[in-house]
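*Asks:* Return atomic coordinates for the entry below.
(one chain, ligands or ions: 1)
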Amino acid sequence: MVVGILSIQGDFEEHKKALSELGIDSIFVKYPEDLSGIDALIIPGGESTTISRLVKKWGLLEGIQKFEKPIMGTCAGAILMAEYVLNEFDEAEDISFHLMDISVKRNAFGRQIESFETKLKFQGKEFTGVFIRAPKITRHGDAVKVLIEYQSSPVMVQQGNKLALTFHPELSPDALFIYEYFLSLTG
Ligand code: GLN
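*Replies:* As a prediction, the model looks like this:
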């Protein structure tokens, strides 16, 4: 099993560290041909506009859209998974890869609380959810399952073998089991 981590911008190194804690091999994905040897793909947190621009410029968009194996997008990555994206001024932004039937609003927690940590629960286990200038998932279609909620809004959702998380599992040691769930989708 080899996991690819999109490593254009953002905290891809932290995902690599988290996977190596679990004993899972990973490679950095920068070029379209890097997608061919991997069993799953992670789109990390960072700056969604920058990642989007460079994915298009470097010719990776089509490969990501055609990638049939599991994909997990975290924070900026979750924004890029979405069908529709609004910025904090409620303006539509054409930055996402249209991989899941969700709508997201960027930087939706406001400047007062740009970053915070809170306890979340998944599979009966409590862990620390780290949110950094996080988006909110504001709508999800019928094919989308909500796996974790915080204050009545979804923070981790699944559609088939695709996951979107508005928090950063790579930044809390007690959240590593989220990767195991993701990798269970490789079948
Ligand atoms: N605010 C960033 C964006 O909109 C996402 C932040 C993150 O990935 N931690 O792209």
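
*Asks:* what residues are up against residue 1?
*Replies:* Each residue near residue 1 by CB atoms under 8 Å, 6 or more residues apart in numbering is listed here: 24-25, 39-40, 183, 186. In this view, the C-beta of every residue, glycine as well, is placed from N, C-alpha and C.

*Asks:* Just flag the most distant two among the residues you listed.
*Replies:* Farthest apart among these by CB to CB are 25 and 186. That separation is 12.9 Å.

*Asks:* out of the contacts of residue 1, which are buried?
*Replies:* Among those, those scoring as buried are 24, 40, 183 (criterion: 16 or more other CB atoms under 10 Å).

*Asks:* Now, those residues that are in helices?
*Replies:* Within the buried ones among the contacts of residue 1, residues falling in helices by DSSP state H are residue 183.

*Asks:* Pick the one among the buried ones among the contacts of residue 1 closest to the ligand.
*Replies:* Distance to the ligand across the buried ones among the contacts of residue 1 (CB to the nearest ligand atom) is lowest for residue 40, with 19.3 Å.

*Asks:* Now that closest one: closest residue in space that isn't a chain neighbour?
*Replies:* With sequence-adjacent residues excluded and distances taken as CB to CB, 6 or more residues apart in numbering, residue 40 is closest to residue 70, at 4.4 Å.

*Asks:* wait, that neighbour sits on residue 161?
*Replies:* Yes. Here residue 70 reaches residue 161: they are 4.1 Å apart, a contact under CB atoms under 8 Å.

*Asks:* Provide the secondary structure category for residue 126.
*Replies:* strand (DSSP: H, G, I helix; E, B strand; the rest coil).

*Asks:* Mind telling me what element the most centrally placed residue in the chain is part of?
*Replies:* The centroid of the chain falls nearest to residue 73 when counting by CA atoms, centre = their mean (1.6 Å). Assigned by DSSP states H and E, residue 73 belongs to strand 71-74.

*Asks:* Report the distance from that strand to the chain centre.
*Replies:* 3 Å (CA atoms, centre = their mean, to the nearest Å).

*Asks:* now do stretch 146-159
*Replies:* With CA atoms, centre = their mean, you get 13 Å for stretch 146-159.

*Asks:* That's all I had, so thanks and see you.
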